[in-house]
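S.K.: Compute the structure for the input listed below.
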Amino acid sequence: MRVVILGSGRGSNAEAILAAEKAGRLGRARVVRILSDKPDAGILALGEKFGVPARFVDPAPFKTKLEGEGEQRFIDAVRGCEPDLVVLAGFMRVLKPGFLNAFAGKIINLHPSLLPSFPGLDGIGQAWRRGVKIAGCTVHYVTPEVDGGPILDQAAVRIEKTDTLESFTAKVHAAEHELLPAVIARLSEE
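M.R.: Alright, predicted model coming up:
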């Protein structure tokens, strides 16, 4: 299974995927490319570290979504990799129908909440402020509805009385780093 990772930030979830692959825990999946919409994103440095081609793709003209010329550049960059799976690992743009249709049924996302609770931005903060006792993360297929696609798997994280927002955030990230590679491995065996 050929996997392309899209990310916008430091790349901790991408690193978890690449480390799982290196350790033989990614099933039949192989990461073939890392793409970012930010020229200075930390995720791009993972390419050299793990021997995977990584590059910036200009997302212009929009700041929060892929549409128009930027969308076409991303479609071309991803299509050139012939992916079986496109993984959004901290990719902070809303995908529009052009991209979704180009890779229909092949795009998954990691969201830091137990969907359908707390979709959208800052799922961890939303859960914390709401005072829930159990939160977590979700891997789901991407559809036009933001964070609304079919759920593939979830990992629960209990919020303890001794937790701070920082310690709770760290627990959710640790759960993400286990869940996302496990889902990719499972999908690669189907």
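S.K.: Show me the contact partners of the lengthiest helix in the chain.
M.R.: Counting residues, the longest helix found in the chain (DSSP state H) is helix 165-189. Residues lying outside helix 165-189 but in contact with it, judged by Cβ atoms under 8 Å, 6 or more residues apart in numbering, are 1, 3, 12-13, 16-17, 19-21, 25-29, 85, 87, 89, 108, 110, 112, 124-125, 128, 135-137, 139, 152-157, 159, 163. Just so you know, the C-beta spots here come from the backbone N, C-alpha and C atoms, and that holds for glycine as well.
S.K.: Of the residues you listed, select the buried ones using a ChimeraX command.
M.R.: In ChimeraX, selecting the buried portion of the contacts of helix 165-189, with burial taken from 16 or more other Cβ atoms under 10 Å, looks like this:
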select :1,3,12,13,16,17,19,20,21,26,27,29,85,87,89,108,110,112,124,128,135,136,137,139,152,154,155,157,159
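S.K.: can you map out the strands along the protein?
M.R.: All strands of the chain, identified by DSSP state E, fall at 2-7, 30-36, 54-56, 65-66, 85-88, 94-95, 107-111, 134-141, 151-158.
S.K.: will you turn the ones you listed into TSV that also has distance to Gly42 and mean pLDDT?
M.R.: TSV is the format used below for the strands of the chain (distance: least, Cβ to Cβ, whole Å; pLDDT from 0 to 100):
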stretch	distance to Gly42	mean pLDDT
strand 2-7	9	98
strand 30-36	9	98
strand 54-56	11	97
strand 65-66	20	90
strand 85-88	16	98
strand 94-95	22	91
strand 107-111	16	97
strand 134-141	20	98
strand 151-158	23	98
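S.K.: Tabulate those strands (JSON lines), appending distance to Gly120.
M.R.: Converted to JSON lines, those look like this (distance: least, Cβ to Cβ, whole Å):
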{"stretch": "strand 2-7", "distance to Gly120": "18"}
{"stretch": "strand 30-36", "distance to Gly120": "21"}
{"stretch": "strand 54-56", "distance to Gly120": "26"}
{"stretch": "strand 65-66", "distance to Gly120": "14"}
{"stretch": "strand 85-88", "distance to Gly120": "14"}
{"stretch": "strand 94-95", "distance to Gly120": "10"}
{"stretch": "strand 107-111", "distance to Gly120": "9"}
{"stretch": "strand 134-141", "distance to Gly120": "13"}
{"stretch": "strand 151-158", "distance to Gly120": "16"}
